[in-house]
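>>> sequence unavailable; structure follows:
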């Protein structure tokens, strides 16, 4: 495992900002780290990267305990913090040369050119960082995180301030990095998480409330849709009577969309209906709930103490 978080706890006075959470991320995985504002995402990321000391628990990066060997662990990490601190009076290339010196990269020129091209900074490389838009400042921060070719990427809101075209470009960069690296990133743009991640971790009020594949979580939404097509037309009222059906929407003459509290029960009812009325089902499948629906259901309900 490239990232192992074990029983992390961080308190501020009487408030538990991070409340005994544990999870692991493997190499080659891109995992979305989600939660409402104040849930403890950034605090957790700061503890994983060694910028904040936990009160209890541990974080391991590539088998290295961050608290015991912070320098060795940080060599393995590329970190883009939410605030993205930069030296605004430095030129883009000058800043990356400075970061290369911090990491003691030998012959850094070639590597700097690679990350500048990778993050779309070629036309901005000779500008002062303070002259850049927020989106391009994010790109500079991402370049700095990638510069030393780390095994693990910790990205806190990496697409913040980017326009739609830039978001797609950075999304492609993250996906490409995720083929060989471990990527843990947070975002408030849930569509980005759906587009990039196979697995999602959700925390709420400092507690872990979900850690599963995206496809599994989507099936756990408060309601899912069952899509069915028949060879014959039929009465809508027949579908309304099926147990577990919330609503019925006609898609076309032969196809229907049933919102369901229990998709499996509805599918069973549709098969029984087809037998009773000698109907032929052409297709039958479940459409999962959106990540937004899952997120809301997990973060608006009370958290057990």
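Arrived safely. Source: prediction; values computed, not measured.
>>> give me the mean pLDDT for stretch 117-135.
Across stretch 117-135, pLDDT averages out at 92.
>>> likewise stretch 40-54?
On average, stretch 40-54 scores 94.
>>> so which bits of it are buried?
Buried residues in stretch 40-54, counted by 16 or more other Cβ atoms under 10 Å: 40-50, 54. (C-beta placed from N, C-alpha, C; glycine too.)
>>> can you redo these as a markdown table with distance to residue 189?
A markdown table is the format used below for these (distance: Cβ to Cβ, whole Å):
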| residue | distance to residue 189 |
| --- | --- |
| 40 | 19 |
| 41 | 14 |
| 42 | 16 |
| 43 | 21 |
| 44 | 19 |
| 45 | 17 |
| 46 | 21 |
| 47 | 24 |
| 48 | 21 |
| 49 | 22 |
| 50 | 27 |
| 54 | 28 |
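>>> next, format those as JSON lines and append distance to residue 120 and secondary structure.
Shown next, in JSON lines, are the buried residues of stretch 40-54 (distance: Cβ to Cβ, whole Å; DSSP: H, G, I helix; E, B strand; the rest coil):
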{"residue": "40", "distance to residue 120": "32", "secondary structure": "coil"}
{"residue": "41", "distance to residue 120": "26", "secondary structure": "helix"}
{"residue": "42", "distance to residue 120": "25", "secondary structure": "helix"}
{"residue": "43", "distance to residue 120": "30", "secondary structure": "helix"}
{"residue": "44", "distance to residue 120": "29", "secondary structure": "helix"}
{"residue": "45", "distance to residue 120": "24", "secondary structure": "helix"}
{"residue": "46", "distance to residue 120": "27", "secondary structure": "helix"}
{"residue": "47", "distance to residue 120": "31", "secondary structure": "helix"}
{"residue": "48", "distance to residue 120": "27", "secondary structure": "helix"}
{"residue": "49", "distance to residue 120": "25", "secondary structure": "coil"}
{"residue": "50", "distance to residue 120": "29", "secondary structure": "coil"}
{"residue": "54", "distance to residue 120": "36", "secondary structure": "coil"}
